[in-house]
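>>> next comes the sequence, and after it the predicted model I'd like to discuss.
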Amino acid sequence: MSVREIAPSTERADRVLRQIAEQADVARSEFGPDLAGFALVAWDMRGAVRTTIDCREGAVALSLVPTFAHDALNRHVAVVIQQTAESEGLDDV
């Protein structure tokens, strides 16, 4: 068993908030006036969670947001894993 230190850090929190703002700008650039909603899940060092959703517009209804976000995140993780495997040459083994 390993013990993981829970160390609050203003620098980490500031970095995360900058990344959220940057990704919001990317979404605005990519979708332009078609941007219709979002779901945000944030957590602290202990795993406490905060969620927010805005789906008043567009094709994704509130009841569909969890599954929609789940599928989108699974695709994102699969791409990241594939890119990591390619960059580390894991496919050559």
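Good, I have the coordinates.
>>> okay, CA-based contacts and neighbour counts for the rest of this
Noted.
>>> and Phe31, what are its phi and psi?
Here is the backbone geometry of Phe31 (degrees, to the nearest 10): phi -100, psi -20.
>>> err, Asp54, not the other one
Torsion angles, degrees, to the nearest 10, at Asp54: phi -130, psi 110.
>>> state the distance from Ser2 to Arg46.
Using Cα to Cα, to the nearest Å, Ser2 is found at 15 Å from Arg46.
>>> run through the chain and note the low-pLDDT ranges.
3, 90-93 (pLDDT under 70).
>>> mind listing the helices for it?
All helices of the chain, identified by DSSP state H, fall at 10-31, 65-87.
>>> of all those helices, which lies closest to Ala59?
Smallest distance to Ala59 across these (Cα to Cα): 10.1 Å, for helix 65-87.
>>> would you mind listing the buried residues in that closest one?
Of all the residues in helix 65-87, those buried under the rule 16 or more other Cα atoms under 10 Å are Val65.
>>> would you put the C-alpha positions of it in PDB?
Only the C-alpha atoms of helix 65-87 are listed here, as PDB (Å, rounded to 0.1, in the frame of the first residue of the first chain):
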ATOM      1  CA  VAL A  65     -25.100  14.600 -21.000                       C
ATOM      2  CA  PRO A  66     -23.600  11.900 -18.800                       C
ATOM      3  CA  THR A  67     -23.500   9.300 -21.600                       C
ATOM      4  CA  PHE A  68     -22.400  11.900 -24.100                       C
ATOM      5  CA  ALA A  69     -19.600  13.100 -21.900                       C
ATOM      6  CA  HIS A  70     -18.600   9.500 -21.000                       C
ATOM      7  CA  ASP A  71     -18.300   8.500 -24.700                       C
ATOM      8  CA  ALA A  72     -16.400  11.600 -25.600                       C
ATOM      9  CA  LEU A  73     -13.900  11.200 -22.700                       C
ATOM     10  CA  ASN A  74     -13.400   7.500 -23.600                       C
ATOM     11  CA  ARG A  75     -12.600   8.400 -27.200                       C
ATOM     12  CA  HIS A  76     -10.200  11.100 -25.900                       C
ATOM     13  CA  VAL A  77      -8.400   8.700 -23.600                       C
ATOM     14  CA  ALA A  78      -8.100   6.100 -26.400                       C
ATOM     15  CA  VAL A  79      -6.400   8.700 -28.600                       C
ATOM     16  CA  VAL A  80      -4.000   9.700 -25.900                       C
ATOM     17  CA  ILE A  81      -3.100   6.100 -25.100                       C
ATOM     18  CA  GLN A  82      -2.500   5.400 -28.800                       C
ATOM     19  CA  GLN A  83      -0.400   8.500 -29.200                       C
ATOM     20  CA  THR A  84       1.600   7.600 -26.100                       C
ATOM     21  CA  ALA A  85       2.100   4.000 -27.400                       C
ATOM     22  CA  GLU A  86       3.300   5.300 -30.800                       C
ATOM     23  CA  SER A  87       5.700   7.900 -29.300                       C
END
